[in-house]
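> Got a predicted structure here, sequence first:
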Amino acid sequence: MNVMRPLVAAALVALVAGTPTTPRAQGLPLAKAPEDVGLSAERLKRLSGVMKAGVDKGEIPGAVVLIGRNGKVAYLESFGFRDREAKAPMKADAIFRIASMTKPVVSLAIMMLAEEGKLSIGHPVSRYLPAFKDLQVGVEKRNGDGSVEVVRQPMQREMTVQDLLRHTSGLTYGAAGRGPLKQAYIDAKLMDPGQTNEQMVAKLATLALVHQPGAAWEYSMSTDVLGRIVEVVGGMPLDRFIAERISRPLKLTDTGFAADTSKQDRAALPQKSPASGQVPPIPSVTADLTWKSGGGGMVSTASDYARFCQFWLNGGQLDGVRLVSRKTVELMTADHLPPGTPIGADMRPAFQALLPSPEMGQGFGLGFAVRTDVGRNPLHGSVGDYYWGGAYGTYFWVDPKERLFAILMMQAPEQRLPYRYLMRELVYQAVMN
C-alpha cells in the first residue's frame, strides 16, 4: 500500500477546503496524487523524512514545503513547530518573513510600470531619483603606513534601472565584507526599520559605489532602490502599490509587508540557535515597520507564493488576470549578465552553488538568478530555471522545462543553505516523467 498517497491527499484537501483563517480561493488546482503530474509519491517520502529529521535533530523549528507541477499542487507538507517554545505545530497556512523573496515581487512591479510606458529599464536611475546623478565610485588605497583610505572617482557611466534589477549597479550590502568602503554602508544605518524609502535613498546617495556601474555583480540594496522608484513613478507607497496592483489581483491574501494582528497565531517563529543560544532577530510577521524594504520586507505563505510561482509559469497571468506579457517574463528570466562579469568576492565562498557565475552554469535575470547550463553545477536543475531565497530560510525556484515549482518556507537562517541544497536534490529525484 502506498502510504504517501492518503497523507498528501489529506493535506491538499485541507488546503482547498480551507479553515477559518485560510480562504478557499487561496488554493491552486490539486493533483489527486503526485503520480498524476509525474512525481513519485514513494520518492517524495524521502523529502518528508529529511524534513522531519531536521526538526527532530533541532536543526530547524519547522517548515512548510509545497511542490507544484503541470499547474497543480502535487505535494504540501508541514513539519515540526510553528512555535517550538510553545509546542505549537506548524500548519500549511503559517505566515513567514520571506526576506529577499520580496525582490521578485518588487522587480515585477518595476516591469509593470515599464509596460505602461512610465519608465524604461534602460534609463539612468537619476531620471527617477535625481540624487543619483553624480554618484562616485570608491577605490580603497593602501598607504605606506598600512592604513587604508577611500579615494573617490567619477562614474564611467551612470547606473541604469536594468543595473538595479540585475545587481550590477555598483551598490552593495554593508554587512557583506570588510574595509572602509563597505563599513560606510554599515555606519549609514541603511537597514534602519524606522526610515522611509525616501530617507534610505538619500543616505545611499551620499555613499561611494563599490564598483563602476555594470562592472561586477554585487548583491546589494539595488532592489530597495527599485522600491523607491516604484513609489516615485507609481505615485503611491510601495506597500500600497503591491497590495493593489499585485497581491489583490493574484489573490495573495497573506502577502504584504505585515500580517494583520489577528493572524498572530499563524506566525512562524525561529528557535534558539544551537550555536549561540540566541533567537535570530527576525521581525514578527505582524510588525508593521515604517521601512517597506523592497529588498526584503515582505511576509507570505507557501500557498500564496505558490500562486506567485504559477503566475510566472503561466507567462505573466493567473486565473485570467494578466500583470505582464509573456515577452516580459521571457526578458526577466533571461541571463542579463555580460560575459566575464565578475562576482562579488565576499559572496562567493558561502553561496558558490547558488551564485550567478558561468563556471557554475548560472547567470542573473531581472529579479532572480537563472540557470544557463545543465551541467557544471552540483545541484539539480534545468536550463532556464530561475530562483532566489531569503536570509531567514525561505527558498523557491521555477522550472519551466519541467513545468514545476518548489517552495520551502522556514525561519532558520543558519540552515538556509543546507536545506536549499537538499530541496533541489529531493524534489528532482522524485520526477518520473
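The structure has been received and is ready for your questions.
> C-alpha from now on. contacts and neighbour counts both.
OK.
> what is residue 140 paired to in the beta sheet?
residue 150 (DSSP bridges).
> thinking it is in contact with residue 181, fair?
Yes. Contact criterion Cα atoms under 8 Å: residue 140 and residue 181 qualify, at 6.9 Å.
> shared neighbours, these two?
residue 150 (Cα atoms under 8 Å, 6 or more residues apart in numbering).
> quick one, which of these two is more surrounded?
Per other Cα atoms under 10 Å, whichever of residue 140 and residue 181 has more neighbours is residue 181, with 23 against 14.
> What are the boundaries of the strands in the stretch 151-300 of the chain?
Per DSSP state E, counting those that start in this stretch, the stretch 151-300 of the chain carries strands over the ranges 298-300.
> Could you point out which residue ranges in it have low pLDDT?
Within the stretch 151-300 of the chain, the stretches with pLDDT under 70 are 176-177.
> Which stretches in it count as helices?
Using DSSP state H, counting those that start in this stretch, the helices of the stretch 151-300 of the chain run over 161-166, 180-187, 197-204, 222-234, 238-242, 248-250.
> so what does the first one touch, helix or strand wise?
The contact analysis (3 or more Cα pairs under 8 Å, 6 or more residues apart in numbering; DSSP states H and E) places helix 161-166 against helix 222-234.
> which residues touch stretch 121-129?
With Cα under 8 Å, 6+ apart, stretch 121-129 has contacts from 114, 132-133, 158-162, 229, 232-233.
> same thing but 10 Å
With contact meaning Cα atoms under 10 Å, 6 or more residues apart in numbering, stretch 121-129 is reached by 110-111, 113-114, 119-120, 130-135, 157-165, 169, 198, 201-202, 205, 225-226, 228-230, 232-233, 366.
> first to last residue in it, what's the distance?
Terminal residues of stretch 121-129 are spaced 13 Å apart (Cα to Cα, to the nearest Å).
> ok, and for that stretch, which residues are buried?
121, 124-126, 128-129 (16 or more other Cα atoms under 10 Å).
> mind putting those in CSV, secondary structure, distance to residue 338 and pLDDT included?
Converted to CSV, these look like this (DSSP: H, G, I helix; E, B strand; the rest coil; distance: Cα to Cα, whole Å; pLDDT from 0 to 100):
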residue, secondary structure, distance to residue 338, pLDDT
121, coil, 16, 98
124, strand, 18, 98
125, helix, 20, 98
126, helix, 23, 98
128, coil, 25, 98
129, coil, 25, 98
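> Closest to residue 410 out of the residues you listed?
residue 121 (33.3 Å; Cα to Cα).
> End to end on stretch 353-369, go ahead and measure it.
Its first and final residues considered, stretch 353-369 spans 11 Å by Cα to Cα.
> Pull out the buried positions in it.
Per 16+ other Cα under 10 Å, stretch 353-369 contains these buried residues: 353-358, 360-369.
> Same check on stretch 197-204?
197-198, 200-201, 204.
> ok, back up a step: looking at the buried residues of stretch 121-129, spot the one nearest residue 395.
Nearest to residue 395 among the buried residues of stretch 121-129, with distances taken as Cα to Cα, is residue 121, at 26.4 Å.
> Centre-most residue in this protein?
residue 101 (1.8 Å; Cα atoms, centre = their mean).
> I figured that residue hits residue 394, correct?
Yes. In this structure residue 101 lies within contact range of residue 394 using Cα atoms under 10 Å: 7.5 Å.
> Restrict the longest helix seen in the chain to CA atoms and write it as CSV.
If you go by DSSP state H, the chain has its longest helix at helix 41-56. Provided in CSV are the C-alpha atoms of helix 41-56 (Å, rounded to 0.1, in the frame of the first residue of the first chain):
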residue,chain,number,x,y,z
ALA,A,41,4.8,9.6,-4.0
GLU,A,42,7.2,6.9,-2.8
ARG,A,43,10.2,9.0,-3.5
LEU,A,44,8.7,12.1,-2.0
LYS,A,45,8.7,10.2,1.3
ARG,A,46,12.5,10.8,1.3
LEU,A,47,11.8,14.6,1.3
SER,A,48,9.4,14.2,4.1
GLY,A,49,11.8,12.1,6.1
VAL,A,50,14.7,14.5,5.8
MET,A,51,12.5,17.5,6.9
LYS,A,52,11.1,15.5,9.9
ALA,A,53,14.7,14.5,10.8
GLY,A,54,15.8,18.1,10.7
VAL,A,55,13.1,19.0,13.2
ASP,A,56,13.9,16.0,15.4
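> which helices and strands does it pack with?
helix 4-17, strand 62-69, strand 72-83, helix 416-428 (3 or more Cα pairs under 10 Å, 6 or more residues apart in numbering; DSSP states H and E).
> redo that, cut-off 8 Å
helix 4-17, strand 72-83, helix 416-428.
> Flag whichever of the ones you listed has the least confidence on average.
When those are compared by mean pLDDT, helix 4-17 comes last with a mean of 42.
> Below-threshold pLDDT in the stretch 1-150 of the chain: ranges please.
Within the stretch 1-150 of the chain, the ranges that satisfy pLDDT under 70 run 1-26.
> please redo it, this time with the cut-off set to 90
Per-residue confidence for the stretch 1-150 of the chain (pLDDT under 90) gives these ranges: 1-27, 140-150.
> Kindly report the domain assignment for the protein.
25-101+236-428, 120-234 (automatic domain parsing).
> And residue 288, how far from residue 297?
From residue 288 to residue 297 the distance is 10 Å (Cα to Cα).
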